[in-house]
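Enquirer: after the sequence you'll find the predicted model.
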Amino acid sequence: MANPAGVHRYMPEEAIDRARHVRLFLTNSSVLFTSAAASIVIYATVINPSASHALIGFVVFILGVSLALLAPVADQFPAAARIAVAVAVALRAYLFGGN
């Protein structure tokens, strides 16, 4: 029987679910930050031409792409995944007023 999750057989179900939730959170955050970057770049280009807005859009875009690239291998690099989740949670709270 194939292992569809790509995890080891000796991992408990809680660990498997947590790995799936981390990957899902990183994927959702990458989509959110990439879309936000596109909005910032459009705003900076059309409405208020400013180099600082374009730079902020580029940084948010790079963050979104790095989260997208980290999501599939989050279980192989748990320290990097923890840092990425902490950064994504902090930025989501800052940008969108979460708790």
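Expert: It's in.
Enquirer: hey, which helix is longest across this structure?
Expert: The longest helix of the chain (DSSP state H) is helix 13-42.
Enquirer: and that one, what does it pack onto?
Expert: Under the contact criterion of 3 or more CB pairs under 8 Å, 6 or more residues apart in numbering; DSSP states H and E, helix 13-42 touches helix 51-70, helix 78-96. C-betas here are computed from N, CA, C, even on glycine.
Enquirer: go through these and pick out the most buried.
Expert: helix 51-70 (a mean of 16; mean count of other CB atoms under 10 Å).
Enquirer: wait, which of the helices and strands packed on helix 13-42 is closest to residue 45?
Expert: Proximity to residue 45, assessed across the helices and strands packed on helix 13-42 by CB to CB, is greatest for helix 51-70 (7.4 Å).
Enquirer: ok now the closest one, how far from the chain's centre?
Expert: 11 Å (CA atoms, centre = their mean, to the nearest Å).
Enquirer: tell me which of the helices and strands packed on helix 13-42 sits nearest to residue 33.
Expert: That would be, of the helices and strands packed on helix 13-42 and by CB to CB, helix 51-70, which comes in at 3.4 Å.
Enquirer: hmm, back to that, can you list the helices and strands packed on helix 13-42 in TSV and add mean pLDDT?
Expert: Converted to TSV, these look like this (pLDDT from 0 to 100):
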stretch	mean pLDDT
helix 51-70	83
helix 78-96	83
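Enquirer: adding distance to residue 24, write those helices out as a markdown table.
Expert: Output for the helices and strands packed on helix 13-42, formatted as a markdown table (distance: least, CB to CB, whole Å):
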| stretch | distance to residue 24 |
| --- | --- |
| helix 51-70 | 12 |
| helix 78-96 | 11 |
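Enquirer: nearest to residue 20, out of those helices?
Expert: Nearest to residue 20, of the helices and strands packed on helix 13-42 and by CB to CB, is helix 78-96 at 12.2 Å.
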